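*Asks:* Dropping a prediction and its sequence here:
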Amino acid sequence: MQQIEICFSPDLIQHHELDDKIVVVVDIFRATSTMVAALANGVQRILPFADLESCRKMQDQGYKIAGERNGHTAPGFELGNSPVAFLDNAFEGIQLAMTTTNGTQAIDKSKGAAEILIGAFPNLQATVSYIQAQKKDVLIHCAGWKGRFNLEDSLFAGALVKSLESTHAAEEDGALAMKSLFEKEGHQLKKYLSQASHAKRLQNHGIEADIDFCLTLDLYDLVVKVDNVGFLVGA
């Protein structure tokens with residue numbers, strides 16, 4: 001049986017081995033949810049950046065640019081980090097360059113894995129099915145919030161551990177704890193996560209529709225992965 005473990009913050013990734021593992025990057029509120037929504041609604045591919053300036057320069061190469069810091073659209077960017085902005089094929093056919101406070105940093109720090117996937121509640125089951133076909137150990141890399149643990153990414157990690165229990169053993173404490181938390185609270189995701197600190201930040205920005213989308217299960221039969229040249233693509 002393969003193994004599964006959780007890294008709760010990009011600041012802790014150095015304590016985990018990446019070699020020959022599938023790393024699932026998770027930023028529920030909102031980067032990975034936005035990436036899944038964009039690719040499911042016709043965006044051709046997404047190029048993630050850890051920093052604002054590198055991302056901003058891609059506008060000169062014909063990319064739409066999306067930049068978010070601290071929950072707000074970054075100055076000079078066309079788009080922020082809202083999944084609902086991409087619904088109804090609003091940006092079908094474009095190429096997107098994207099940078100966010102936490103999620104794109106986690107992607108950058110996951111380099112060296114056998115494969116990097118993008119996890120979110122709207123594509124949970126598709127991600128589970130793909131992982132089970134690969135027969136590799138899994139590391140769930142939570143983006144957290146500025147280096148700290150957050151509830152929504154960790155609860156998704158628990159959902160993934162639970163969903164993979166027939167093929168992947170959770171033997172480290174973090175995975176065991178988050179699996180138990182999901183078993184207890186997973187039936188009431190929206191109610192439970194309404195108390196999360198980042199949910200409250202987003203509510204203060206008046207974007208409850210984003211929160212509702214991010215906590216909706218299995219909207220898309222879509223696997224999102226980083227390809228061999230660094231683009232996020234859907235399959």
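*Replies:* Done, it's in. Residues are numbered from 1 along each chain as shown.
*Asks:* got the contact list for the residue of the chain most remote from its centre?
*Replies:* Of all residues in the chain, residue 60 has its C-alpha farthest from the mean position, at 26.8 Å, by CA atoms, centre = their mean. Residues in contact with residue 60, defined by CB atoms under 8 Å, 6 or more residues apart in numbering, are absent; none qualify. Bear in mind the C-beta positions are built from the backbone N, C-alpha and C, glycine included.
*Asks:* I'd like the secondary structure assignment at the closest residue to residue 114 other than its chain neighbours, please.
*Replies:* Spatially, and ignoring its direct neighbours in sequence, residue 114 is nearest to residue 20 (5.0 Å; CB to CB, 6 or more residues apart in numbering). Recorded secondary structure, residue 20: coil (DSSP: H, G, I helix; E, B strand; the rest coil).
*Asks:* Would you check how far apart residue 20 and residue 2 are?
*Replies:* Separation of residue 20 from residue 2 (CB to CB, to the nearest Å): 11 Å.
*Asks:* after the helix or strand bottoming out on mean pLDDT in the chain, next one along is what?
*Replies:* Across the helices and strands of the chain, mean confidence by mean pLDDT, DSSP states H and E is lowest for helix 197-204: a mean of 59. The C-terminal neighbour of helix 197-204 among helices and strands, as given by DSSP states H and E, is helix 208-214.
*Asks:* Can you give me the buried ones in that next one?
*Replies:* Using 16 or more other CB atoms under 10 Å as the test for burial, helix 208-214 gives 210-211, 213-214.
*Asks:* Show me which of those residues is closest to residue 143.
*Replies:* Sorting the buried residues of helix 208-214 by how near they are to residue 143, with CB to CB, puts residue 214 at the top with 12.7 Å.
*Asks:* mind listing what the closest one touches?
*Replies:* Residues touching residue 214, when contacts are defined by CB under 8 Å, 6+ apart, comprise 28-30, 33, 83, 120-122, 152.
*Asks:* just the helices in this protein please.
*Replies:* Taking DSSP state H as the criterion, the chain carries its helices at 31-40, 52-56, 103-109, 124-134, 151-163, 173-185, 189-193, 197-204, 208-214.
*Asks:* any idea how far the last one is from the chain center?
*Replies:* The gap between where helix 208-214 is centred and where its chain is centred comes out at 14 Å by CA atoms, centre = their mean, to the nearest Å.
*Asks:* C-alpha coordinates for it, CSV please?
*Replies:* Output of helix 208-214 as CSV, limited to C-alpha atoms (Å, rounded to 0.1, in the frame of the first residue of the first chain):
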residue,chain,number,x,y,z
GLU,A,208,-19.4,35.0,-0.4
ALA,A,209,-20.0,33.5,-3.9
ASP,A,210,-16.4,32.6,-4.1
ILE,A,211,-16.6,30.7,-0.7
ASP,A,212,-19.7,28.8,-1.9
PHE,A,213,-18.0,27.8,-5.1
CYS,A,214,-14.8,26.7,-3.3
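*Asks:* Give me the distance between residue 226 and residue 75.
*Replies:* As it turns out, when the distance is counted by CB to CB, residue 226 lies 27 Å from residue 75.
*Asks:* nope, residue 61 is what I was after
*Replies:* Residue 61 sits at a distance of 20 Å from residue 75 (criterion: CB to CB).
*Asks:* Also residue 129?
*Replies:* With distances defined as CB to CB, the gap from residue 129 to residue 75 amounts to 40 Å.
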